[in-house]
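Asks: sharing a sequence plus its predicted fold:
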Amino acid sequence: MERRTKSYLQLMKPGITLSNTLAAVAGFFLASSYAGFSLRIFIGITFGIAFVIASACVVNNIIDRDIDARMKRTRGREVAAGNISIQNAIIYAVVLGVVGFGSLAIWTNVLTASLGILAYFWYVVVYGLAKRKTPLSTIIGGVCGALPPVAGYTAVMGQLDIVAVVLFVMLMVWQLPHFYAISIFRRDDYKKAGLPVWSVKYGNTSTRRQMMFWVLVFLVLTPTLAFIGAAYNPYLIVMVVAGLYWTVNGIVHIDEADEQWARRMFMSSIYVLLATLFAVGIGGYLK
């Protein structure tokens, strides 16, 4: 029973589900600092985003089972390894999706539920096709990954505005160095699976340049929330420190071997994401 439960939990890709849920919660708290806290909306956005993302991840496991079986990192995934049948995985995805979209529809608003539908479709269909065809798949896939904080924000505000746009762009830019780093230290796996990620198509040197470019963009971009009056000085301080940390870490260790440097930048990106979500969440409260 314990093994079975763990298998179904892994099918949800807990890391992806958790990080996206935290991003939505951060957007929710930023908006709540203007419009007031609503427990109903908080429950709706938290459960809604968590279950929608989990459902999309299950579907992704089903669709990508052939790719997963060819990659060392993913060959043990439950559907690819045959531990969970496709039929059971589909039922699981449907149940998760019904709970997720139901939560968004009942406890948030039409706009937020629509963003959930868009993110789901983009991840499963658009990104699912793109990663098999183009090295631009990381950028394309970044769209769905940048929508959770926007959904958290619109769940409270009920509209798309400049703050929502900035949140979207911030998370979009963060994802690029993060996933390019993975493409470097998992390059052989991606190549074996026939996926034309940037590092496979253009090499590690080009990928490293792309990473540093987007890290610098992140450093320059993230203070925008403070500049437009959507967040206050504590947010600005946290983001400047986080951006400088990521940038300096990349520059100081630039002579390291590709894989070592990429792993360092990947871990740095995790710390930066956590700092970003914390800063966004408290950004409208602390002056």
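Replies: Structure's in. What do you need? Numbers count the residues shown, from 1 in each chain.
Asks: thought residue 172 was touching residue 148?
Replies: No: contact status for residue 172 versus residue 148: not in contact, 11.6 Å apart, counting by CB atoms under 8 Å. In short, each C-beta sits where N, CA and C put it, glycine included.
Asks: those two: which is more packed in?
Replies: residue 148 (30 against 19; other CB atoms under 10 Å).
Asks: hmm, residue 20 and the more buried one touching each other?
Replies: Yes: at 4.5 Å, residue 148 counts as touching residue 20 under the criterion of CB under 8 Å.
Asks: shared neighbours of the two, anything?
Replies: 49, 53 (CB atoms under 8 Å, 6 or more residues apart in numbering).
Asks: where in the stretch 51-200 of the chain is pLDDT low?
Replies: Residues of the stretch 51-200 of the chain meeting the criterion pLDDT under 70: none.
Asks: tally up the residues packed near residue 256, please.
Replies: Residue 256: 14 neighbours (other CB under 10 Å).
Asks: how close does it get to residue 249?
Replies: Distance, residue 256 to residue 249, by CB to CB, to the nearest Å: 11 Å.
Asks: which neighbours do the two share?
Replies: Joint contacts of residue 256 and residue 249 (CB under 8 Å, 6+ apart) are residue 264.
Asks: which parts of stretch 99-118 are buried?
Replies: For stretch 99-118, the neighbour count (16 or more other CB atoms under 10 Å) marks 99-105, 107-109, 111-113, 115-116, 118 as buried.
Asks: and those, which is closest to residue 126?
Replies: Closest approach between those and residue 126, by CB to CB: residue 118, at 9.7 Å.
Asks: helix or strand for that closest one, just tell me which one.
Replies: Following DSSP states H and E, one finds residue 118 within helix 110-121.
Asks: let me see the contact set for the closest residue to residue 63 other than its chain neighbours.
Replies: Leaving aside its chain neighbours, residue 63 sits nearest to residue 128 (5.6 Å; criterion: CB to CB, 6 or more residues apart in numbering). By CB under 8 Å, 6+ apart, the contact set of residue 128 is 60, 63, 64.
Asks: okay, those in TSV with neighbour count next?
Replies: Formatted as TSV, the contacts of residue 128 follow (neighbours: other CB atoms under 10 Å):
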residue	neighbour count
60	21
63	15
64	20
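Asks: hmm, back to that, pull the most distant pair out of the buried residues of stretch 99-118.
Replies: 99 and 111 (19.8 Å).
Asks: what sits against residue 38?
Replies: Contacts of residue 38 (CB under 8 Å, 6+ apart): 32, 156.
Asks: return the distance of it relative to residue 157.
Replies: From residue 38 to residue 157 the distance is 11 Å (CB to CB).
Asks: tell me which residues touch the residue nearest to residue 232 when sequence neighbours are not counted, please.
Replies: Counting by CB to CB, 6+ apart, residue 232 lies nearest to residue 287, which is 4.5 Å off, once chain neighbours are set aside. Neighbour list for residue 287: 232, 233, 234 [criterion: CB under 8 Å, 6+ apart].
Asks: would you map out the domains in this structure?
Replies: Using automatic domain parsing, the domain parsing of the chain gives 1-160, 161-287.
Asks: so who does the residue nearest to residue 219 when sequence neighbours are not counted touch?
Replies: Ranked by CB to CB, 6+ apart and with sequence neighbours excluded, the top spatial neighbour of residue 219 is residue 243, at 3.4 Å. By CB under 8 Å, 6+ apart, residue 243 lies in contact with 215, 218, 219, 220, 222, 272.
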